[in-house]
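Visitor: based on what follows, work out the 3D shape:
(4 chains)
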Protein chains: 2
Amino acid sequence: MGKREYLGQLELMVLLAIARPSSRDAYGVSIARDIARSSGRQVALASVYAALERLERKGFVISSLGEPLVARGGKARTYFRATPAGIKEARETHATLRRLSDGLSGLKGQPA
Amino acid sequence: MGKREYLGQLELMVLLAIARPSSRDAYGVSIARDIARSSGRQVALASVYAALERLERKGFVISSLGEPLVARGGKARTYFRATPAGIKEARETHATLRRLSDGLSGLKGQPA
DNA sequence: GCTTATTACTTCTATATTATAGAAGTTATG
DNA sequence: CATAACTTCTATAATATAGAAGTAATAAGC
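Guide: Below is the predicted model of the structure:
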């Protein structure tokens, strides 16, 4: 079995945010918003763009330029979609985490 | 709400491996084995020890020296347990990922 | 009709944090 | 000495951060 690395935490979140079926027309800012909403924490936009670049280099997402938008001075946005390999990767990581968290929900954590 | 960072990917896996109820007497090597088994990928021992240090610094795990072991020349192992804060953190990260992966399992990924 | 602002992103620079490989260290036996 | 079963160290690479800067068409102000 070849040597593969684990996706970084933010890379995984970005990939999930793109791969989920409820995600349409994902782009940098919308992805960051998605993650902030799901996690309750802020994420630096620069981090999201950096993660997107890495994910694309690895073949897990693919980008395409949209149409010019009046809303942003005729500039087009860059949209992202997950590739089949990306969805596979996300699912595998997810499965790994699920395996590692067996019974976690039954445990008592710190209150509040 | 203070500014909090996301746990690294390996930190999360290490924390989960320690926090899960089926984990008894977790220590560096056993944690690495656990992760390798759950993920199907190798993880560098040095990475696990580094992650453990960080998790302890952050108050998510706590270490204690076991008893001298004949099996390893009278040296004791260092065992780790998750703190309540650690369990809380693991649960939160887990919940975030679950929220981000809504419907992911229904998607088609790359075959094989 | 020209600046200057505004909008909604995207990119850049510099730095900090996390993860890696591979070698070295430890301590009582064999 | 060599071995066993970890643990630590060194050096480097990959990932993530903050905050500033860049971009292109309209909108505002004079």
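
Visitor: give me the contact list for the longest helix along chain A.
Guide: Ordering each helix of chain A by length in residues (DSSP state H) puts helix A:84-100 first. For helix A:84-100, contacts defined as Cβ atoms under 8 Å, 6 or more residues apart in numbering or on different chains pick out A:6-7, A:12, A:15-16, A:18-19, A:55, A:59-61, A:82, B:12-13, B:16-17, B:20, B:34-35, B:38-40, B:94, B:97, B:101, B:104-105, B:107-111. Placement of C-beta: from N, CA and C, glycine included.

Visitor: what distance do you get for the nearest residue to A:Gln42 once chain neighbours are set aside to chain B?
Guide: The spatial neighbour of A:Gln42 that comes closest, neighbours along the chain excluded (Cβ to Cβ, 6 or more residues apart in numbering or on different chains), is A:Ala36 at 5.7 Å. Distance of A:Ala36 to chain B, computed by Cβ to the nearest Cβ, to the nearest Å: 10 Å.

Visitor: which SSE is the residue positioned nearest the centre of chain A in?
Guide: Central residue of chain A (Cα atoms, centre = their mean): A:Val14, 1.4 Å from the mean position. Using DSSP states H and E, A:Val14 falls within helix A:9-19.

Visitor: pull out the buried residues from the least confident helix or strand in chain A by mean pLDDT.
Guide: Within chain A, no helix or strand scores below strand A:61-69, which has a mean of 85 by mean pLDDT, DSSP states H and E. For strand A:61-69, the neighbour count (16 or more other Cβ atoms under 10 Å in any protein chain shown) marks A:Val61 as buried.

Visitor: check whether it comes near chain B.
Guide: No. Contact of strand A:61-69 with chain B is not found when judged by Cβ under 8 Å from any Cβ of the partner chain; the minimum separation is 13.1 Å.
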